[in-house]
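**Student:** with the input below, show me the fold.
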Amino acid sequence: MTPVERRIRDCITRSGPISIAEYMAIALGDPEHGYYRTRDPLGTTGDFITAPEVSQVFGELIGLWCVATWRTMGAPDPVRLVELGPGRGTLMADAIRAAQRVPEFLAAADIHLIETSPALRQCQHDALAALRPSWHETFGEIPEGPCLVIANEFFDALPVEQFVRTSGGWRRRGIGIDDAAGALCFVLTDNGRTMPPPFEDAPLGVPCEVRPDAEMLVGDIARRIARDGGAALVIDYGHAARAPGETLQAVRQHKFADVLAQPGLADLTAHVDFVAVAEAAHVAGALAHGPVAQGAFLDRLGLGVRMRRLCDAAPDRADEIRAGCRRLRHPDEMGELFKVLAITRHGSPPPAGFEPEGARPC
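**Tutor:** Modelled structure (predicted):
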């Protein structure tokens, strides 16, 4: 039994079944033994790989997107360049390298990283020390002023709640202990919740997912952008249309695992509801653009051009470079499942990659 499972069982024994959101929060964020608190989960020796680790082109294009967006903002100095969940710091390092062609942007950029993992903070320090970033636990700690916010594969790991429509009304789905087997198990707990369409008519017994913590964070970011100016880029895997169904999953050593087995040793995620993200931004007074498929977004930013230039500069790595770019953009890889949504101030032009012919504001 893992230390995290022991803590979860103690909570259930004391107070009864816990919500799935509580389960995720403990499994991923327990201060001593939580998954993200104790390891570097990235790469071939870890549990999963993210787009910045697939190809340098990803971070470079995001860096150029930041420069272009900063210019449309009127080139404020300083501008808070914020990344949520920066991993090993690869995306930010690649973004800043690409942005070096615009020295005035580099001079204005004040880099802030939202990271709770001591292990990953060390990786980020090793990769980004020359840029003198500041680290924070929450977005609320970021200094006031215009900001550019990047969130790549961040929201999928925030706790998700599940509710199930039964013949007696809506019930929360939680985690309990099976009396016979003694194992952790899914249970239905308290009654009562008003669900947004189309969840309100969901089939009986089908879990429906909501993410209150994510919506609150999006609201905080959007209010900041509406007040001080700026933009945010949310990149994640998820759905552009809201629908009933369970997407909660566990991944360990690049393979799917049992969500309830050995908590604290596997990554736990669920698909991002981009409709909910857009609505939260709108309620907070900002404008949401998209989502658009990651492949289409990167193509509009010039992925093909950058790939060819890299291949010409390093012909011995051409196959590797093409393979990485294919993984980022191809519909059978990350190109369709991963989506991109931008948040801007009302009155701002559509950001690069969200031109009117390709994406309409929500």
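**Student:** give me the most central residue, this structure.
**Tutor:** By CA atoms, centre = their mean, the chain has its centre lying nearest to residue 154, at 2.2 Å.
**Student:** tell me who's in contact with the nearest residue to that residue once chain neighbours are set aside.
**Tutor:** Of all residues not flanking residue 154 in the chain, residue 85 sits nearest, at 4.0 Å (CB to CB, 6 or more residues apart in numbering). Backbone N, C-alpha and C define where each C-beta goes, glycine included. By CB atoms under 8 Å, 6 or more residues apart in numbering, the contact set of residue 85 is 114, 115, 151, 152, 153, 154, 157.
**Student:** where does pLDDT dip in the chain?
**Tutor:** Scanning the chain for pLDDT under 70 picks out the ranges 192, 357-362.
**Student:** need the helices for it, in chain order.
**Tutor:** 3-15, 20-29, 51-54, 56-72, 90-99, 103-108, 118-128, 212-228, 274-283, 294-301, 303-313, 318-329 (DSSP state H).
**Student:** residues contacting the residue nearest to the centre of the chain?
**Tutor:** Neighbours of residue 154 in contact, by CB under 8 Å, 6+ apart: 84, 85, 234, 236.
**Student:** what about 10 Å?
**Tutor:** Neighbouring residues of residue 154 by CB atoms under 10 Å, 6 or more residues apart in numbering: 83, 84, 85, 86, 87, 114, 214, 217, 234, 235, 236, 272.
**Student:** that one and residue 50, how far apart?
**Tutor:** Taken as CB to CB, to the nearest Å, the spacing of residue 154 relative to residue 50 amounts to 10 Å.
**Student:** right, and the helices of the chain - which one's nearest residue 191?
**Tutor:** Each of the helices of the chain has some distance to residue 191 by CB to CB; the shortest is helix 20-29, at 16.4 Å.
**Student:** the closest one to helix 3-15, inter-axis angle?
**Tutor:** 150 degrees (axes from the mean of the first three to the mean of the last three CA atoms, to 10 degrees).
**Student:** how about helix 20-29 as CSV, C-alpha atoms only?
**Tutor:** Below are the C-alpha coordinates for helix 20-29, written out as CSV (Å, rounded to 0.1, in the frame of the first residue of the first chain):
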residue,chain,number,x,y,z
ILE,A,20,-13.1,12.1,-6.9
ALA,A,21,-11.8,15.7,-6.8
GLU,A,22,-10.5,15.1,-3.2
TYR,A,23,-9.0,11.8,-4.4
MET,A,24,-7.1,13.5,-7.2
ALA,A,25,-6.0,16.3,-5.0
ILE,A,26,-4.4,13.9,-2.5
ALA,A,27,-3.0,11.5,-5.0
LEU,A,28,-1.3,14.2,-7.1
GLY,A,29,-0.6,16.9,-4.5
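**Student:** for it, packing partners?
**Tutor:** Judged by 3 or more CB pairs under 10 Å, 6 or more residues apart in numbering; DSSP states H and E, the packing partners of helix 20-29 are helix 3-15, strand 18-19, strand 161-166, strand 169-177, strand 184-191, strand 207-210, helix 212-228, strand 267-269.
**Student:** contacts for the second one, please.
**Tutor:** Outside of strand 18-19, the residues that reach it under the criterion CB under 10 Å, 6+ apart are 8, 11-12, 25-26, 159-162, 172-176, 187, 189-190.
**Student:** centre of the chain to it, how far?
**Tutor:** What separates the centre of strand 18-19 from the centre of its chain is 23 Å, taken as CA atoms, centre = their mean, to the nearest Å.
**Student:** before we move on, what about the third one?
**Tutor:** Between the centre of strand 161-166 and the centre of its host chain there is 23 Å, according to CA atoms, centre = their mean.
**Student:** so what touches that strand?
**Tutor:** 19-22, 24, 170-174, 186, 188, 191-193, 195, 199-213, 244, 246-248, 270.
**Student:** selecting buried members of these in PyMOL, what would you type?
**Tutor:** Buried residues among these (16 or more other CB atoms under 10 Å), as a PyMOL selection:
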select buried, resi 19+20+21+22+24+170+171+172+173+174+186+188+199+202+207+208+209+210+211+244+246+247+248+270
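**Student:** need the contacts of residue 85 in TSV with distance to residue 132, can you?
**Tutor:** Below are the contacts of residue 85 laid out as TSV (distance: CB to CB, whole Å):
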residue	distance to residue 132
114	16
115	15
151	22
152	22
153	25
154	22
157	27
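**Student:** out of those residues, which is most surrounded?
**Tutor:** When neighbours are taken as other CB atoms under 10 Å, the top entry among these is residue 151 (27 neighbours).
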